[in-house]
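K.L.:
Next come a sequence and a model predicted from it.
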Protein chains: 2
Amino acid sequence: VSGYCVFNRGGGPPCVGYRRGDAVADLSELEEVFRQPSLNAFMAQGQAVEREARAAAEGAPSIPLDKVELHLPFEVADYVDFYSSIEHATNLGRLFRPDSDPLLPNWRRLPVGYHGRAGTIVVSGTTVQRPSGQSKPPDTDEPVFGPSKRLDIELELGYVIGTPSALGEPVPADSALEHVFGVVVVNDWSARDIQAWEYQPLGPFLGKSFATTISAFVTPVGELEPARVAGRQQEPEPLPYLRAEPSAYDIDLEVELNGEIVSRTSARNLYWSIEQQIAHLTVNGASLRTGDLLATGTISGPEPGSYGSLIELTWNGSEPLRLAEGGERTFPEDGDEVVLRGRAGDVELGEARGTILPAR
Amino acid sequence: VSGYCVFNRGGGPPCVGYRRGDAVADLSELEEVFRQPSLNAFMAQGQAVEREARAAAEGAPSIPLDKVELHLPFEVADYVDFYSSIEHATNLGRLFRPDSDPLLPNWRRLPVGYHGRAGTIVVSGTTVQRPSGQSKPPDTDEPVFGPSKRLDIELELGYVIGTPSALGEPVPADSALEHVFGVVVVNDWSARDIQAWEYQPLGPFLGKSFATTISAFVTPVGELEPARVAGRQQEPEPLPYLRAEPSAYDIDLEVELNGEIVSRTSARNLYWSIEQQIAHLTVNGASLRTGDLLATGTISGPEPGSYGSLIELTWNGSEPLRLAEGGERTFPEDGDEVVLRGRAGDVELGEARGTILPAR
């Protein structure tokens, strides 16, 4: 694994490190900006400073990974979740609107997205309590209250903003990547039954806001440069402000459930690029802040074994996953552990790991 | 006006003050927590400490309002916008879905809400640039790009969270008010044309994210205690976790456009209470953070002159407002100034003022 983290050792103060393999380089002796409990001040300094830090990490004291405690690596400013996988959007359209075009008319015209809850983003390894809430079963007129029966995962990547942009000044697509500091793996836990009842007309709220897991390591975009590939062609051609060389990251992704890999996919499948997402997010004058997290939305590939959520992998529960260890799953159960991983060639991203606790 | 603010004077450092009438009491000599550029550390200490500070403000040095510069009073953690006025929700339902029940089935069952963009919340007096973006006119198949033609205002109140709550632990309705520090007036600027094209299926995004204006003064809930009134009865009775004594604040509100009052309403009309909103927001285990802003959604009354948005006041542009100064408006134009005000008996809230600048 390669990436920046916030760690402490033996009850000491949290500080910034850089992980390579099974050790963390302690950067705290280098600069004051590394003696802080978040990456934000460092990330705000931009990519050139990041490259210098990565070089300096080579000579910094190295600590075995099992000697450190890891923390949420940055203070999340705003959390935006996009919906950029055409396979995922198509699958959900088929499941929920079987009688109409699975993609809504705006989907190919703009990167659909919404704001999630920044305050409930947790670091990999944090347990996730099954949420309770309102839902309305199809066979009743009245909503019911109770633990979610359809707690799901969503396999995503998240781009972390380093250098901010000014209010009122859109960021053009062709310079958007300069604002990105790095990438985390994201599990955007979703309670499908809560979400289905609440989301009209203002979008997902409690179905998503109980927890979002991110990896403890932020892999700088410079480390991922070799994984940049041409993205997929877009049809129809987007409006001028969204035009950019098609690009994607060839990051292999996998979903592990109780030790078994249940899905493999790649971020190269995504339809909308991070450059386009930033150009869209800011075209109305909205600013970027250091620590903004821009997630891709669930990443699914074209085949059933490459879907990024259980609702897709089990086709809304109708085709349970049969696990090698015995048993089957439609949606994850209490006690299940889910680990999401990403790898771009030799560069492994941090994992997003979480075990489900029973509802309160 | 009564409320806490962050101000500075003559290029000095920002610090905390308490406004009464036309002067600001400088609290910076009292405690370190007041020598900070935001209210957050103070707000986290809770209502008892707030009452002591308010008493101490009586003896603090007083500075004329015209000698101070005002800043955003707190760092916004998460921004949630609810949809709690039944008149507003009904009006928008009639306008957008004329052939069906104006209220969606979930509306009376739970306080519908969504997350907005915290990073573009600005203090009263900040100019607001007209946003550009995609929209799809009804008479074309293709979306177009350009400045919003339907830039609107939304008259709201915002509750500011003081003491946080723990992840995984729902806040019951009957103790929810203990987490609230105070109230601001909110203008949730909305580009109706951008919003209409983008919002399916994940909710409003760029139609709202360009700017949200809040007052410079946070009026503590203790000052508003005399304005607490019984709220309206709810039918059907909500699920147990949402049951609370019906409550509301009898806060008179007004919308001023270019110096002319175009709407008068009251927050006592709201259907869902702040206690219910907090109980709902946290029932899935989501935590509250100091600085969370929970806005009511547009506050409309039952008559046309009591609506909280131009899309309602002009019935989607079909009934322009005729201004006394001459001219008429469907939606605000460049150069227009909008001021939102609130008052509870003798206690005036801070105003939310903004002038519209042309699109970039």
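P.N.:
That came through, no problem.
K.L.:
Contacts only, for whatever residue of the stretch 201-350 of chain A ends up closest to chain B.
P.N.:
Among the residues of the stretch 201-350 of chain A, A:Gly203 lies nearest to chain B; the distance is 2.2 Å by C-beta to the nearest C-beta. All C-beta atoms are positioned from the backbone trio N, CA, C, and that covers glycine. Shown in contact with A:Gly203 (C-beta atoms under 8 Å, 6 or more residues apart in numbering or on different chains): A:Tyr114, B:Tyr114, B:Tyr199, B:Pro201, B:Leu202, B:Gly203, B:Pro204.
K.L.:
Show the pLDDT at the third one.
P.N.:
Here, the pLDDT recorded for B:Tyr199 equals 94.
K.L.:
For it, give me its contacts.
P.N.:
Under the criterion of C-beta under 8 Å, 6+ apart, the contact list for B:Tyr199 reads A:Pro201, A:Leu202, A:Gly203, B:Phe205, B:Gly207.
K.L.:
Could you report the neighbour count for the closest residue to the last one other than its chain neighbours?
P.N.:
Once flanking residues are discounted, B:Gly207 sits nearest to B:Gln195: 2.8 Å by C-beta to C-beta, 6 or more residues apart in numbering or on different chains. Each residue near B:Gln195 was counted by other C-beta atoms under 10 Å in any protein chain shown, and the total is 20.
K.L.:
Please look at B:Gln195 and B:Lys208 and confirm they touch.
P.N.:
Yes - using C-beta atoms under 8 Å, B:Gln195 is in contact with B:Lys208, at 6.8 Å.
K.L.:
one step back: dump the contacts of A:Gly203 to a markdown table, plus distance to A:Phe42 and secondary structure.
P.N.:
Conversion of the contacts of A:Gly203 to a markdown table gives the following (distance: C-beta to C-beta, whole Å; DSSP: H, G, I helix; E, B strand; the rest coil):
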| residue | distance to A:Phe42 | secondary structure |
| --- | --- | --- |
| A:Tyr114 | 29 | strand |
| B:Tyr114 | 32 | strand |
| B:Tyr199 | 36 | coil |
| B:Pro201 | 37 | coil |
| B:Leu202 | 32 | coil |
| B:Gly203 | 33 | coil |
| B:Pro204 | 33 | coil |
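K.L.:
which of those residues are buried?
P.N.:
A:Tyr114, B:Tyr114, B:Tyr199, B:Pro201, B:Leu202, B:Gly203, B:Pro204 (16 or more other C-beta atoms under 10 Å in any protein chain shown).
K.L.:
give the contact list for the residue nearest to the fourth one when sequence neighbours are not counted.
P.N.:
When you say that, I think you mean B:Pro201. Counting by C-beta to C-beta, 6+ apart, the nearest residue to B:Pro201 once its immediate chain neighbours are dropped is A:Leu104, at 6.5 Å. With contact taken as C-beta under 8 Å, 6+ apart, A:Leu104 is in contact with A:Gly93, A:Val112, B:Gln200, B:Pro201.
K.L.:
so how far is B:Phe205 from the residue of the stretch 201-350 of chain A closest to chain B?
P.N.:
To B:Phe205, A:Gly203 is 8 Å away according to C-beta to C-beta, to the nearest Å.
K.L.:
Next, work out how far apart the residue of chain A most remote from its centre and A:Ala196 are.
P.N.:
With distances taken from the mean C-alpha point of chain A and given as C-alpha atoms, centre = their mean, the most distant residue is A:Asp141, at 35.5 Å. Note on A:Asp141: its distance to A:Ala196, by C-beta to C-beta, is 15 Å.
K.L.:
which sections of the stretch 1-150 of chain A are below the confidence cut-off?
P.N.:
Counting by pLDDT under 70, the stretch 1-150 of chain A has no low-confidence residues at all.
K.L.:
Strands of the stretch 101-250 of chain A, start to end?
P.N.:
Assigned by DSSP state E, counting those that start in this stretch, the strands in the stretch 101-250 of chain A fall at A:113-116, A:121-123, A:128-129, A:132-135, A:144-147, A:151-152, A:155-161, A:180-187, A:190-191, A:212-214, A:219-220, A:228-230, A:247-249.
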